[in-house]
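Novice: what follows is a predicted protein model with its sequence.
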Amino acid sequence: MKPPSKLDDLFAPILERADFHPYFARVFDHGAPVEKAVVNAWAEGFPDRDGKFVKEFQGSFNSSFWELYLHAALRTSGFGIDCTHDRPDFLISGECGDLALEAVVALNPDEYAPDWARHASPRGLDFERLLDLASLRLAQSVQSKSDKWLKSYSTLPHCMDRGLIICVAPFEQPFGQLQGTQAIARVLFGEVHDLVLQNGQRSLRVGETTQSETFKPSGSPIKLGLFRDPSLAHVSGVLFSSLATWSKVSALADDDGRMFEFHAIRRVGHEIRSETSSKPDYRETLLDGLHLFLKSLRLATTICRAMASRWRWRASTRRPRSSSGLGRPGRDASDATVRPIRRPGYRVVRRRYAQRLRLCPA
């Protein structure tokens with residue numbers, strides 16, 4: 001394999017304007033230099049194995065953007081990335097061992113609105129329909145990447161002794177970032193709704209409803225609860241974020257005087273608080289909103305211990321005392337937990353943000 005080429009400027013056009021992806025066209029025209037600088041910094045050291053990455057970034061955008069985000073997240077987390085093989089997407093090594101990461105995005109079905117065709121506001125959004133579509137497309141994406149691993153990658157010498165992490169991001173509909181982790185919880189664990197007993201102003205979570213499958217518009221069934229499916233025994237975990245969007249770039253970019261208003265929902269102690277603020281007061285990190293779901297308790301605790309010094313993650317193999325999953329009060333709100341789910345699987349979470357929506361002036 002020849003050495004991967006170096007990426008210089010992702011926004012220097014190499015396609016005709018008519019061939020731009022609509023989202024790339026939007027950020028090409030209206031993205032600020034400070035925002036483009038953030039994305040170009042993500043690309044430093046990125047392995048452009050076939051010399052086509054810039055073309056794909058400008059022409060298809062979402063999958064390339066997700067790969068850039070993952071590359072930056074892995075570098076920030078201190079993992080060594082092996083670029084000597086042309087597949088899978090990432091081979092990493094570190095204190096947690098050797099892992100293979102495959103990236104995939106969930107896209108809109110035919111005849112459904114794409115993620116970039118959004119209105120000015122999510123008011124009036126049917127959230128249940130949003131979750132139904134997100135669950136369907138995420139399940140298909142995880143399953144397709146699992147099948148590809150078994151068919152094409154699992155027997156490669158450099159993959160045989162590595163755990164597989166499937167990295168999936170939702171770009172299947174407008175305002176898909178509002179789904180949080182509810183759709184991916186359906187996909188991996190079959191969780192649908194919490195069952196809550198209300199007693200005056202107090203509420204007690206006593207369980208949840210589960211769902212074993214969802215359906216395509218054609219009526220064909222798609223399995224949910226994939227972490228319980230023996231055919232996915234080779235999958236060690238799933239890395240997910242609904243917030244790896246251009247709003248993440250805007251949040252990380254230097255303040256250049258433009259007026260943006262950020263709305264965030266964050267967990268502080270045992271409370272969930274809503275925040276509205278503007279630059280330069282708003283704060284968000286690259287890793288906020290990133291969730292790692294693992295089937296193996298051993299791998300979960302190993303990863304948390306390896307990352308504790310960099311992400312201030314706390315590894316806990318016991319059930320937290322509170323239903324919020326954050327453990328004892330009085331700890332740093334940016335800590336994370338390895339949380340038992342009462343079914344196969346453990347979730348490692350960078351918990352600071354549950355949702356985030358950037359509202360821009362018209």
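Specialist: Done, it's in.

Novice: so, low pLDDT: which residues of the chain?
Specialist: Filtered on pLDDT under 70, the chain yields the residue ranges 1-6, 118-120, 270, 296-362.

Novice: quick one: the helices in it?
Specialist: 22-30, 33-42, 53-59, 62-76, 127-148, 182-189, 246-252, 297-311 (DSSP state H).

Novice: pick out the residue nearest the middle of the protein.
Specialist: S241 (1.8 Å; C-alpha atoms, centre = their mean).

Novice: that residue against F171, yeah?
Specialist: No: using C-beta atoms under 8 Å, S241 makes no contact with F171, being 11.4 Å away. Backbone N, C-alpha and C define where each C-beta goes, glycine included.

Novice: returning to what we had before: for F175, which of the helices of the chain is the nearest?
Specialist: For F175, the closest of these is helix 127-148, at 6.9 Å, according to C-beta to C-beta.

Novice: ok, and what's touching the closest one?
Specialist: 102, 104-109, 112, 164, 166, 168, 170, 172-173, 175-176, 178-179, 182-184, 186-188, 214-216, 222-224, 226, 231-232, 234-235, 238 (C-beta atoms under 8 Å, 6 or more residues apart in numbering).

Novice: and that helix, how far from the chain's centre?
Specialist: Here helix 127-148 is found 13 Å from its chain centre; the criterion is C-alpha atoms, centre = their mean, to the nearest Å.

Novice: can you tell me how far the residue nearest to the centre of the chain sits from A113?
Specialist: Remark: distance between S241 and A113 (C-beta to C-beta, to the nearest Å) = 21 Å.

Novice: surely S250 is in contact with E35?
Specialist: Yes: the pair S250 / E35 is scored as a contact, 6.0 Å apart, by C-beta under 8 Å.

Novice: I14: neighbour count?
Specialist: A count of nearby residues for I14, using other C-beta atoms under 10 Å, gives 11.

Novice: please name the residues that touch it.
Specialist: Contacts for I14 (C-beta under 8 Å, 6+ apart) come out as 54-55, 58.

Novice: next, give phi and psi for it.
Specialist: The phi/psi pair for I14 (degrees, to the nearest 10) reads phi -120, psi 0.

Novice: kindly provide the distance from the closest residue in space to G190 that isn't next to it in sequence to L232.
Specialist: Excluding its sequence neighbours, the residue lying closest to G190 (C-beta to C-beta, 6 or more residues apart in numbering) is G225, at 3.3 Å. Distance of G225 to L232, computed by C-beta to C-beta: 10 Å.

Novice: do the same with Y69
Specialist: 24 Å.

Novice: among the helices of the chain, which comes closest to S277?
Specialist: The closest of those to S277 is helix 246-252. By C-beta to C-beta, the value is 10.6 Å.

Novice: who touches that closest one?
Specialist: So helix 246-252 is contacted by 23, 27, 31, 35, 38-39, 65, 69, 177, 260, 262, 282, 284-286, 289, 356-358 (C-beta under 8 Å, 6+ apart).

Novice: which of these are buried?
Specialist: Of the members of the contacts of helix 246-252, the ones counted as buried by neighbours, 16 or more other C-beta atoms under 10 Å, are 23, 27, 31, 35, 38-39, 65, 69, 177, 260, 262, 282, 284-286, 289, 356-358.

Novice: between the two ends of stretch 275-294, what distance do you get?
Specialist: Criterion C-alpha to C-alpha, to the nearest Å; first-to-last residue distance in stretch 275-294 is 30 Å.

Novice: work out the gap between that stretch and the centre of the chain.
Specialist: That offset, for stretch 275-294, works out to 13 Å (C-alpha atoms, centre = their mean).

Novice: next, the buried residues of it.
Specialist: 279, 282, 284-294.

Novice: please apply the same query to stretch 140-151.
Specialist: Going by neighbour count (16+ other C-beta under 10 Å), the buried part of stretch 140-151 is 140-143, 145-146, 148-149.

Novice: again with stretch 159-175
Specialist: For stretch 159-175, a neighbour-count test (16+ other C-beta under 10 Å) marks 159, 162-174 as buried.

Novice: which stretches of the stretch 151-300 of the chain form strands?
Specialist: Assigned by DSSP state E, counting those that start in this stretch, the strands in the stretch 151-300 of the chain fall at 163-171, 191-199, 202-210, 213-215, 221-223, 235-240, 261-268, 271-278, 291-294.

Novice: and of those strands, who's closest to D48?
Specialist: Nearest to D48 among these is strand 163-171 (18.4 Å), distances taken as C-beta to C-beta.

Novice: now the angle from the closest one to helix 22-30?
Specialist: Calculated by axes from the mean of the first three to the mean of the last three C-alpha atoms, to 10 degrees, strand 163-171 forms an angle of 70 degrees with helix 22-30.
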